[in-house]
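K.L.:
fold the following.
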Amino acid sequence: MLSVAVFLFSGTGCDRGVSPGSPVGKADFVVRFVYVGQADATLITTPSGEVFLYDAGTISGAMEHLIPLMDSLNIRRVDMAIASHMHGDHIAGFPHVFANFPLAGTAFDHGGTYESSHFNYYISAVGDRRATISIGDTLFLGSDVRIVCYASGAEGLEPIGENEKSVAVIVTYKGFDIFLGGDLTGTTDGNQIDIESHIAPSLHPVEIFRANHHGSRYCNNENILAVLQPRYSVISCGFGNQYGFPHAETLARLAVWGEIYRTDISGTITVTVIDSTEYTIRTQF
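P.N.:
Numbering: from 1, shown residues only. This next block holds a predicted model:
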């Protein structure tokens, strides 16, 4: 076991809860950064049996990796979902997941629209269970898991791209914190908005940082890392992907703070939280 520090956290904003789902067979808080190729999917199960899915990868990633994993865990439904943004490598898998594991609660996203077939299928799959998550909103899974939103739709700004609209949250379980930020932008190159630096003052230290945009050099900047101070970083990317993710500049910045895990090298990465001071990290390969 690894000893970790406890970071106390107080959420603000709108409080929402969900009812328990089917037990998944373990009385622990488990975070799985699922290998879904060049895409993103994070599956969280709670001690009381709730199931939370942040992004669902591509269609092939969901069908070949995410859905078989959920089936092996005896999951029967999804209690809550968040779509970070509307690119296909993050949302295309949702309709297929929900066809196998019905959405029992709410699917949150930034509330905007996007011109793509993947977006249309996502909207059809979530139906009237879709809801907008806003900065400051607090979601609950059972009594011990809190999800606080720090970015969504580039609220108050004028984004030019979908990545800038990514929903960024910190998931907290008994003082153990995980940052999830989709493809959140961290540069002004190409007239983008540096959302990472914009939200950095509102953040706090975390144990695990799920690197933004598959480890792109154009995000994961020094400003956000200096606040998050992650003990571990996890990069979700596909082996030999055409974009060269993760970029060397990002790896260098992340290495300053701690150990780096990559799904293209290690497969699915599983973090099991025993209590507020101990956790284990296991890799598929």
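K.L.:
for Leu69, which three-state class applies?
P.N.:
helix (DSSP: H, G, I helix; E, B strand; the rest coil).
K.L.:
ugh, typo on my part, it should be His213
P.N.:
helix.
K.L.:
surely it meets Ile235?
P.N.:
No. Counting by C-beta atoms under 8 Å, Ile235 is not a contact partner of His213; they are 9.7 Å apart. Placement of C-beta: from N, CA and C, glycine included.
K.L.:
shared neighbours, those two?
P.N.:
In terms of C-beta atoms under 8 Å, 6 or more residues apart in numbering, His213 and Ile235 are both contacted by the residues Phe245.
K.L.:
contacts for the longest helix belonging to the chain?
P.N.:
Secondary structure of the chain per DSSP state H: the longest helix is helix 117-126. Contact with helix 117-126 is made by 81, 83, 86-88, 91-92, 94-95, 98-99, 103, 107, 113, 130, as judged by C-beta under 8 Å, 6+ apart.
K.L.:
can you say which of those residues are buried?
P.N.:
Neighbour-count burial (16 or more other C-beta atoms under 10 Å) is assigned, among the contacts of helix 117-126, to 81, 83, 86-88, 91-92, 94-95, 98, 103, 107, 130.
K.L.:
got the phi/psi numbers for Arg146?
P.N.:
Backbone geometry at Arg146, expressed as degrees, to the nearest 10, gives phi -120, psi 140.
K.L.:
partners of the nearest residue to it once chain neighbours are set aside in the sheet?
P.N.:
Residue nearest to Arg146 in three dimensions, not counting chain neighbours: Thr172, with 4.7 Å by C-beta to C-beta, 6 or more residues apart in numbering. Beta-bridge pairing for Thr172 (DSSP bridges): Arg146, Asp177.
K.L.:
state the distance from Thr172 to Asn223.
P.N.:
For Thr172, the distance to Asn223 (C-beta to C-beta, to the nearest Å) stands at 22 Å.
K.L.:
between those two, who's got more neighbours?
P.N.:
Thr172 (23 against 16; other C-beta atoms under 10 Å).
K.L.:
test my guess that that one contacts Val145.
P.N.:
Yes. With contact defined as C-beta under 8 Å, Thr172 reaches Val145; the gap is 7.2 Å.
K.L.:
would you map the helices across this structure?
P.N.:
Taking DSSP H as the criterion, the chain carries its helices at 59-61, 67-72, 88-91, 94-100, 117-126, 195-199, 222-228, 248-255, 263-266.
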